[in-house]
Every structure is written in structure tokens, then in C-alpha cells.
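J.: using only what follows, build the 3D model:
(4 chains)
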Protein chains: 2
Amino acid sequence: MATLPSSRRLGAPDSKTRARLVAAAERLLLEEGYAAVTSRRVGAAAGLKPQLVHYYFRTMDDLFLEVFRRRAEENLARFERTVAKGGSLRDLWQFSAELRGARFNIEFAALANHRKTIRAEVAHYAERFRAAQLEALRDALDGTDPHGRPPPVAVLLMVTGLSQVLAIEEELGVTAGHSEAVAFVEELIARLEPTASRGDPGPPV
Amino acid sequence: MATLPSSRRLGAPDSKTRARLVAAAERLLLEEGYAAVTSRRVGAAAGLKPQLVHYYFRTMDDLFLEVFRRRAEENLARFERTVAKGGSLRDLWQFSAELRGARFNIEFAALANHRKTIRAEVAHYAERFRAAQLEALRDALDGTDPHGRPPPVAVLLMVTGLSQVLAIEEELGVTAGHSEAVAFVEELIARLEPTASRGDPGPPV
DNA sequence: GTCTATACTTCGATAGAC
DNA sequence: GTCTATCGAAGTATAGAC
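T.: Model (predicted):
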């Protein structure tokens, strides 16, 4: 019952070579987009024969899944650590605004469009991450003035969307309005969360 | 000076066959993602021989560019018409919230990651569209209470981002928080722009 | 357990036939 | 002006040698 779809032998999951292939694939994905992640190019990028990709991964999709899971788990763990160390609004915003994460998401969003197994994995992770973010955001907002503020989940979606648009456009070389948008979010945070390191309580109103 | 890079002959730009190929390519792009847009598959989708793709387009990138430009120009024109017919906040939001447009953008954002000529075209269009949107948004906000409101360009980026995230996630089957976010935006609009119902040629200012 | 020789498919692209 | 026969490169995947 272990391997129905094919009888082909696969390399050990903890192999050093396998790890090199995954790392190379992730690098290619981030630098050149998912279309560059082919067995030949991954092999070359890792300094290995392309056939090794198929020895360690039954299909290319399996390789994509491995790349995604590694990064997703690491991301969730990093997020949990961020929350554990305080999890202020400022921290949460900083986490969202990281360029690398957003690039990664775009590639997998496009991939998920036409590969079912990848779509399922991305959807699953998206839900987990959303739930974790929402809990952290609720905690961070707890005690602040709720007057006229959108529901936390709406804030979350807007901030997530903003980060992604900023990342995509930066990639394109389009940056009109970016600094204004970032400044707005940061002012908002400063108003809600005046604690900061520089002890600036912000203006009234 | 017309054709330096290659001497190969190309089909007429106004050919009916060419238009069919572009339409087939756009369909494939939207339904299966850009990776499905190959000369063979486009040919099959159009009921034509795959070589015709290369007769009408020097490279696959040229086909992508044509698909993009057609849609981009049509989109800009539609946007201008929307603005001309009133261009209320409600209209602008509705335009952004269309699923089709967002899907298209994701595919081309991913494509632009690793194809320079496409990146340049997407960037150019993004700037034009952003400028048009910003002008329309400024007009729509004109006369409303500016108290505590973010700068228009920041609003624009947030709304654009929100629409895209909603579209991507809907694609994935993840919809947590979507209705809340949409409701928030619509309440905001209703508050700023209480004119609502149709047949109203506009407030007296 | 690890890797390679090899098969077969699909790709983009071109030269030349109608 | 329109289309097709065909090529070389690149794609995924497997069976079998070490």
C-alpha cells in the first residue's frame, strides 16, 4: 500500500544530494520564475545530472511541493517566533512587507492555477497561515480603540494585498505611490501602538 | 530598418487567422495558466496547425505581448468609459473587483518575472493604468470629507491589492474573511458617497 | 542506496512549398 | 499572402548499472 502509482525506486528523503536539488529549485524559482524549474536546469544549478531530480522526486510536481512545504513550514515557524517575541502590529506588518515571501507567493499562485496537487497544498497552507495571522492580529489589536475600524480579518486581507502589490510592482520597476502607502500604514500603526522603541506617543486625534 | 533580427516572413497583422490564434492563446492563458500557452496547444485550441503560430508571431513572447496589449488596451478603454459615465467610487471599486482582470494580472506578473520584453510592456501598462485610476479616484473623492483619510494613491494601492488577493484566493478555494473585507469597502463607499441609486446624475457638489 | 544510459514527447523555430 | 515539412534542443520519465 506504500507505492501504488509506480514501482520506481526513489532516493532517501534525508539525502544530502536531495537537499541540494531542493535548494537549487527554490533558487531558480525565486530568481527566474517557476518556468525555469525544469529537471535539466535544476540539475545544472545544483551541479548534478538532471536525472537525479527524477531519482529523488517521482515527478516535477513533487519537487515543487517539497520546495513549497519547506518554505511554508519555515515561514509559519518564523511567524510563530515573531508572535512569541511580542507580536506587535509593527512586527506583523514588517513580516508581511518582506519582499521574498511575496515573490514566492506569486510564483506558487500562478503554479496553482494549473496543477491540482499544488493548488491543494497552497490552499491548505494559506488557510493555516491566515488563521495564525488573524489570531496574532486580534491579540495585537486587543485594547486599542475599535472605533470606526474594519474587522481584523478585513484589515488582514487589505494589508496582505497591499504587500503583494508592492512586491509585484517593485519587481516590475513600478513604484508610484509605494512610499505613500507604506507611510500611511506606518502612521496608522504608530497611532494605534504608540509604545515603539523611540518613545514617540504620536499625535492625538 | 523594419526587420533586422530575422528575415523570416510574417503574416498580415489584420489576418483573421491571426486573430483566432490570439483569442485561443488568451483563452488558454486564463483557463490553464501561461505555461499552457505553447505553439502546439494554441494551434490545437484554434483548430489550426501549430506552425501557424510561428508564421504570425516571430516568437512566443510576441504572441504573449499581443495577448497582453489587446487586453490592456481594451481594459484601459473600458475604464475610460466607466469614468466617462460617472466614475463614482462605486464604479471604480466594481471595476477593480472583477475576477477576470485580476487573474490576467497574476499570470502576466509571473510571466514578467523572467521575460524582459514582457516585463517592460507590463510595467508600461501598469503605470498608465495607475495614472488613470488615480485621476479618476481623485475626482471621485473630490468634495468628500478628507478627514483622517489616507492619500488617494495609498487607497488605490490597498484596494488594488485587496482585489487581487480576493481573486487569487477565490481561485484556490480559500474565502475566509472575503465577505467581511468586501462589506467593509462597500460600507466605506456608502458613507463617502451616499447618492447610491441609479438615475442620479450626481450630487450638487 | 546512488546514479546514468536512454527513450520518448513536446518545444520553439525555420526554410521552402503552394 | 498563406501554410507545411522538418529540425535540433529541451522537456519528463524509466530501467537498469554500479
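
J.: what about the residue lying closest to residue A:108 once chain neighbours are set aside, which helix or strand?
T.: Nearest residue to residue A:108, sequence neighbours excluded (CB to CB, 6 or more residues apart in numbering or on different chains): residue A:122, at 5.3 Å. Every C-beta, even on glycine, is put in place using the N, C-alpha and C of the backbone. Element membership for residue A:122 (DSSP states H and E) is helix A:116-141.

J.: so is that helix next to DNA strand D?
T.: No: under the criterion of CB under 7 Å from any atom of the strand, DNA strand D is not reached by helix A:116-141; the shortest gap measures 11.4 Å.

J.: can you name the next helix or strand after that helix?
T.: Following helix A:116-141 in sequence, per DSSP H and E, is helix A:152-172.

J.: now the angle from that following helix to helix A:116-141?
T.: Angle, helix A:152-172 to helix A:116-141, by axes from the mean of the first three to the mean of the last three CA atoms, to 10 degrees: 120 degrees.

J.: report all helices and strands that whichever helix or strand comes after helix A:152-172 contacts.
T.: Going down the chain from helix A:152-172, the next helix or strand is helix A:178-192, by DSSP H and E. Secondary structure elements in contact with helix A:178-192, counted by 3 or more CB pairs under 8 Å, 6 or more residues apart in numbering or on different chains; DSSP states H and E, are helix A:89-96, helix A:152-172, helix B:152-172.

J.: send the alpha carbons of the second one over as PDB?
T.: The C-alpha atoms that make up helix A:152-172 are tabulated as PDB, following Å, rounded to 0.1, in the frame of the first residue of the first chain:
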ATOM      1  CA  PRO A 152      -9.500  42.400  11.800                       C
ATOM      2  CA  VAL A 153      -9.900  39.900   9.000                       C
ATOM      3  CA  ALA A 154     -10.600  42.700   6.600                       C
ATOM      4  CA  VAL A 155      -7.500  44.600   7.800                       C
ATOM      5  CA  LEU A 156      -5.500  41.400   7.300                       C
ATOM      6  CA  LEU A 157      -6.700  40.900   3.700                       C
ATOM      7  CA  MET A 158      -6.000  44.500   2.800                       C
ATOM      8  CA  VAL A 159      -2.500  44.500   4.300                       C
ATOM      9  CA  THR A 160      -1.700  41.200   2.700                       C
ATOM     10  CA  GLY A 161      -3.000  42.500  -0.600                       C
ATOM     11  CA  LEU A 162      -1.000  45.800  -0.300                       C
ATOM     12  CA  SER A 163       2.200  43.900   0.500                       C
ATOM     13  CA  GLN A 164       1.800  41.700  -2.600                       C
ATOM     14  CA  VAL A 165       1.100  44.600  -4.900                       C
ATOM     15  CA  LEU A 166       4.100  46.500  -3.600                       C
ATOM     16  CA  ALA A 167       6.200  43.400  -4.100                       C
ATOM     17  CA  ILE A 168       5.000  42.700  -7.600                       C
ATOM     18  CA  GLU A 169       5.300  46.200  -8.700                       C
ATOM     19  CA  GLU A 170       8.800  46.600  -7.200                       C
ATOM     20  CA  GLU A 171       9.700  43.600  -9.300                       C
ATOM     21  CA  LEU A 172       8.400  45.400 -12.400                       C
END
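
J.: which ones are touching the closest residue to residue A:161 other than its chain neighbours?
T.: With sequence-adjacent residues excluded and distances taken as CB to CB, 6+ apart, residue A:161 is closest to residue B:161, at 2.8 Å. Shown in contact with residue B:161 (CB atoms under 8 Å, 6 or more residues apart in numbering or on different chains): A:158, A:160, A:161, A:162, A:163, A:164, A:165, A:166.

J.: likewise for residue A:105?
T.: Counting by CB under 8 Å, 6+ apart, residue A:105 makes contact with residue A:164.

J.: cool, and residue A:60?
T.: Contact analysis of residue A:60 by CB under 8 Å, 6+ apart lists A:37, A:38, A:39, A:53.

J.: OK, contacts around residue A:29?
T.: With CB under 8 Å, 6+ apart, residue A:29 has these contacts: A:36, A:37, A:67, A:104, A:107.

J.: so which helix or strand takes in it?
T.: If you go by DSSP H and E, residue A:29 is part of helix A:16-32.

J.: next, give phi and psi for residue A:10.
T.: Backbone torsions for residue A:10, taken as degrees, to the nearest 10, come to phi -120, psi 150.
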